[in-house]
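S.K.: Got a sequence here, can you build the structure:
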Amino acid sequence: MTDDSVFEIDALGLLCPLPVLKLRKRMKPLLPGAQVRLLADDPAAVIDVPHFCNEAGHECLNMSEIDGQLIFHIRKGQ
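M.R.: From the prediction side, this is the model:
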């Protein structure tokens, strides 16, 4: 896998706090700077994911919504 690879985490159908818990677990072994795409459809994720990133030192690069599906792009911090 190259440095510009993006890991995808499918949290569709999961309710709070499961999308963030799944994100945290999957990010743990990644190197700083690794990028993750999180797919979620829980409305609470709009608040929970950026809050988790802020608290954990990760960067929420952007968020978009397509047909009720939330897509977060996150870069792992130090």
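
S.K.: top helix in the chain by residue count?
M.R.: helix 45-56 (DSSP state H).

S.K.: May I see the buried residues of the helix or strand that comes right after it?
M.R.: Per DSSP states H and E, the first helix or strand lying C-terminal to helix 45-56 is strand 59-66. For strand 59-66, a neighbour-count test (16 or more other C-beta atoms under 10 Å) marks 60, 63 as buried. All C-beta spots, glycine's among them, are computed from the backbone N, C-alpha and C.

S.K.: Going by contacts, tell me the helices and strands next to the helix or strand immediately after strand 59-66 in the chain.
M.R.: Per DSSP H and E, the first helix or strand lying C-terminal to strand 59-66 is strand 69-75. Helices and strands touching strand 69-75, by 3 or more C-beta pairs under 8 Å, 6 or more residues apart in numbering; DSSP states H and E, are strand 35-40, helix 45-56, strand 59-66.

S.K.: quick one on the thing from earlier: can I get the longest helix of the chain as CSV, trimmed to CA atoms?
M.R.: Included here for helix 45-56 are C-alpha records, laid out as CSV according to Å, rounded to 0.1, in the frame of the first residue of the first chain:
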residue,chain,number,x,y,z
ALA,A,45,-21.9,11.4,13.5
VAL,A,46,-21.9,15.0,12.2
ILE,A,47,-21.1,16.1,15.8
ASP,A,48,-19.4,13.0,17.1
VAL,A,49,-16.7,12.4,14.4
PRO,A,50,-15.3,16.0,14.4
HIS,A,51,-15.3,16.0,18.2
PHE,A,52,-13.5,12.7,18.4
CYS,A,53,-10.9,14.0,15.9
ASN,A,54,-10.3,17.2,17.9
GLU,A,55,-10.0,15.3,21.2
ALA,A,56,-7.7,12.6,19.7
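
S.K.: Right, I'll leave it there.
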